[in-house]
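Enquirer: can't give you the sequence, but here's the structure:
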């Protein structure tokens, strides 16, 4: 009897361990998730919303911003801008606004504030509602970049400033029209970030100390596209979408590899470049687009086409690649599917938002298993399928109110985080935790 009982305990423990492995949950420690690819790899996620929509587990008041949350180690990190001035304006004439940029650390389970850091900042950018860049968490450190170039490294546990750098003063430059918007990238012992200035379009900083390791490239303006590393031809190539060129440099050293002239209106190349097989696709505002074929034997490219009509020219949303098809929101405000390398438009749809397109409509895309979980500018979570034949909606639910204004309409333009079977979503008034577990 005792022997039988002991075996039952062993098998029970094994079952619990197996369940623990099957029910593995992931953090979302940076922009686009753990692998910076907008794929949510957790299991146990709902297939359809419950009646009345998914449950909101907690709400925490915050101020304005476009930055998404980062979720790691039982904490949620978010940035905002506190000001008494009306910042719901386009501000193309670059008037000044006074306020305080904050970095907030919340308890993931409850939304309770654990620590915060404040920096007085005068904004001179268009759309001055708040910070743009998602925090990046690694180990015991979290890195944040503010709208006017205030770069910080904090201790995760208590918010102690480990190092800081004012990119504008350090590199003798100014913020671009829409501010510092390119999410920094942690690469080994380096933190890669756009800086601006002569010969320092991008800099590699020691992630532990903030000391410069190398600087590289020159551009007429800082730009907005996040640094992206692609390994091809046996070399880790750091691809930069500068306001005047697509540039590749050696990730470890900053050594230039190749460059192709390319320009979008107002320098607004915002997407991170995407690989489709051996092809590199980039596009920006005013229907500018470029397809390059990467050389297989040594770093270099061959231009395939540019400025092809009816492809995807993103503004706010990172496109997503499945096989040889790119899916994403075009500046026109519609979802499109485009086959590469032909550039053939397979379809377009306005159904993810469901209103007549007025331009720059936003629906963020995250893939989960064989479908997509989307978040649109109306504050809705949308479940749907994207394939070469078209878009099929599975379900949708309103979870948060659009609290900002763009092009005369109410919007929420912030990418959620998806972690531990929850979605973490913010507007300019609150951040919420939404239960997406399938149990």
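Expert: Thanks, I have the structure now. Only a predicted model underlies this, so the values are computations on that prediction, with no experimental measurement involved.

Enquirer: quick one: the helices in the chain?
Expert: Per DSSP state H, the chain carries helices over the ranges 2-22, 167-170.

Enquirer: where among those is the average confidence lowest?
Expert: Of all the helices of the chain, the segment with the smallest mean pLDDT is helix 2-22, scoring a mean of 40.

Enquirer: OK, contacts around the closest residue to residue 250 other than its chain neighbours?
Expert: Distances taken as Cβ to Cβ, 6 or more residues apart in numbering put residue 257 closest to residue 250, at 6.1 Å, once the chain neighbours are dropped. Placement of C-beta: from N, CA and C, glycine included. Taking Cβ atoms under 8 Å, 6 or more residues apart in numbering as the contact definition, residue 257 lies against 235, 237, 248-250, 299-300.

Enquirer: could I have the buried ones of those as ChimeraX selection syntax?
Expert: When burial is assessed using 16 or more other Cβ atoms under 10 Å, the buried subset of those is captured in ChimeraX by this command:
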select :235,237,248,249,250,299,300
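
Enquirer: so, low pLDDT: which residues of the stretch 151-300 of the chain?
Expert: Within the stretch 151-300 of the chain, the ranges that satisfy pLDDT under 70 run 267.

Enquirer: quick one: the strands in it, in order.
Expert: Chain-ordered strands for the stretch 151-300 of the chain, with DSSP state E, counting those that start in this stretch as the definition, fall at 161-166, 185-187, 190-194, 202-206, 212-216, 228-232, 235-241, 245-250, 256-261, 274-276, 279-284, 288-294.

Enquirer: any chance of those in JSON lines, plus distance to residue 340?
Expert: Compiled in JSON lines, the strands of the stretch 151-300 of the chain are given as follows (distance: least, Cβ to Cβ, whole Å):
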{"stretch": "strand 161-166", "distance to residue 340": "38"}
{"stretch": "strand 185-187", "distance to residue 340": "24"}
{"stretch": "strand 190-194", "distance to residue 340": "26"}
{"stretch": "strand 202-206", "distance to residue 340": "26"}
{"stretch": "strand 212-216", "distance to residue 340": "28"}
{"stretch": "strand 228-232", "distance to residue 340": "15"}
{"stretch": "strand 235-241", "distance to residue 340": "16"}
{"stretch": "strand 245-250", "distance to residue 340": "16"}
{"stretch": "strand 256-261", "distance to residue 340": "17"}
{"stretch": "strand 274-276", "distance to residue 340": "4"}
{"stretch": "strand 279-284", "distance to residue 340": "5"}
{"stretch": "strand 288-294", "distance to residue 340": "7"}
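
Enquirer: so which of these gets nearest residue 45?
Expert: In terms of Cβ to Cβ, the element of the strands of the stretch 151-300 of the chain nearest to residue 45 is strand 274-276, at 24.4 Å.

Enquirer: mind listing residues that contact that closest one?
Expert: The set of residues external to strand 274-276 that reach it, using Cβ under 8 Å, 6+ apart, is 230, 232, 280-282, 294, 319, 321, 324, 326, 340-341.

Enquirer: swap the cut-off to 7 Å and go again
Expert: Surrounding strand 274-276, the residues in contact under the criterion Cβ atoms under 7 Å, 6 or more residues apart in numbering are 230, 281, 319, 321, 324, 326, 340.

Enquirer: so who does the second one touch?
Expert: Remark: with contacts taken as Cβ under 7 Å, 6+ apart, residue 281 is in contact with 273-274, 291, 326, 340.

Enquirer: equivalent analysis for the last one, please.
Expert: Listed by Cβ under 7 Å, 6+ apart, the contact set of residue 340 reads 276, 279, 281, 291, 324, 326.

Enquirer: cool, and residue 120?
Expert: The neighbours of residue 120, taking Cβ under 7 Å, 6+ apart as the test, are residue 100.
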